[in-house]
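J.: need a 3D model of the sequence below.
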Amino acid sequence: MPKKRGRERSSRHRSSTARAELSFSVSHMEHLLLKGRYAQRLSSSAPVFLAAIIQDLTSKVLELAGNEAQNSGQRYITPKMVDMAIHNNALLSSLFRMTTISLEAPGPH
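T.: This next block holds a predicted model:
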């Protein structure tokens, strides 16, 4: 069996984002949690969990907004599509009820 050139990276030298197989930065979440002073102590898994939740929530919103854009015959996701997707989903609507996403009110389809 031929030897591989270069050295393999062990899991010890990989970032926490890569180890968790996430796209959202775990170290950035940790920085925000520490900077925000939400607790005196912070578990090492808390920023990983937060990054995973935000990534999953973002994925769901973009999926629904893409469906809205496709249903209305548009090729791109606009802020209006994101607003409509959140407005039409009961769970997301209750989560973002006090948030303004676009300045256009979603209308009936």
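J.: quick one: list the elements packing against the helix or strand where Leu32 lies.
T.: Per DSSP states H and E, Leu32 falls inside helix 26-36. Packing partners of helix 26-36 (3 or more Cβ pairs under 8 Å, 6 or more residues apart in numbering; DSSP states H and E): helix 16-19, helix 46-71. The way it works is simple: take the backbone N, C-alpha and C, and place the C-beta from them, glycine included.
J.: what would those helices look like in CSV with distance to Leu91?
T.: Formatted as CSV, the helices and strands packed on helix 26-36 follow (distance: least, Cβ to Cβ, whole Å):
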stretch, distance to Leu91
helix 16-19, 26
helix 46-71, 9
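J.: give me the mean pLDDT for the helix holding Leu32.
T.: Averaging pLDDT along helix 26-36 gives 94.
J.: who's in contact with that helix?
T.: 15-17, 20, 39, 42, 46-48, 50-51, 54 (Cβ atoms under 8 Å, 6 or more residues apart in numbering).
J.: tell me the one of the residues you listed nearest Val82?
T.: The shortest approach to Val82 among the contacts of helix 26-36 belongs to Ile54, at 15.3 Å (Cβ to Cβ).
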